[in-house]
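In: Give me a model of this one.
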Amino acid sequence: MNIKAMTVPNDCSVAEATRMSPVDFKSTYKAKGWTGRTLAIRWGVSASWVSKVANNASRELHWDDAVNGLPMATKD
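Out: Take a look at the predicted model:
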């Protein structure tokens with residue numbers, strides 16, 4: 001397996017990124033038409049896990065990236 005190191009521009013403040021508040025996290029996925037339950041199904045985790053992540057103000061940044069990158073939910 002060939003893994004290349006990722007280079008980050010000098011002006012990029014990746015380490016200084018600010019986490020979303022729990023309220024912002026939830027309002028972001030809700031604004032896109034998702035619920036905690038449907039998000040859990042999408043991400044393959046339990047609804048309680050989504051709740052724990054959403055309510056954790058110190059969550060890992062990849063969860064904020066994931067919720068920001070969600071598509072609009074569709075009604076089937």
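In: Could you give the number of residues near Arg59?
Out: 17 (other C-beta atoms under 10 Å). Backbone N, C-alpha and C define where each C-beta goes, glycine included.
In: likewise the one 5 residues further on?
Out: If you count neighbours by other C-beta under 10 Å, Asp64 ends up with 18.
In: What are the neighbouring residues in contact with it?
Out: Arg19, Met20, Phe25 (C-beta atoms under 8 Å, 6 or more residues apart in numbering).
In: Go again with 6 Å.
Out: Contacts for Asp64 (C-beta atoms under 6 Å, 6 or more residues apart in numbering) come out as Arg19, Met20.
In: List the buried residues in the helix or strand where it lies.
Out: In this assignment (DSSP states H and E), Asp64 forms part of helix 61-68. The neighbour-count criterion (16 or more other C-beta atoms under 10 Å) identifies Trp63, Asp64, Val67 as the buried residues of helix 61-68.
In: Check the offset of that helix from the chain's centre.
Out: When C-alpha coordinates are averaged (C-alpha atoms, centre = their mean, to the nearest Å), helix 61-68 and its chain have centres 2 Å apart.
In: Can you add distance to Thr74 and pLDDT and give the buried residues of helix 61-68 back as TSV?
Out: Formatted as TSV, these follow (distance: C-beta to C-beta, whole Å; pLDDT from 0 to 100):
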residue	distance to Thr74	pLDDT
Trp63	22	96
Asp64	23	97
Val67	17	97
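In: Which one of those is nearest to Arg37?
Out: Taking C-beta to C-beta as the measure, Val67 is the one of the buried residues of helix 61-68 closest to Arg37, at 14.8 Å.
In: surely that closest one meets Thr28?
Out: Yes - checked against C-beta atoms under 6 Å, the pair Val67 and Thr28 is within contact range at 5.2 Å.
In: Just give the nearest non-adjacent residue to Ala17, would you?
Out: Leu61 (5.7 Å; C-beta to C-beta, 6 or more residues apart in numbering).
In: Tell me the secondary structure at Lys75.
Out: coil (DSSP: H, G, I helix; E, B strand; the rest coil).
In: ok, it - how many residues close by?
Out: The number of residues packed near Lys75 is 4, by other C-beta under 10 Å.
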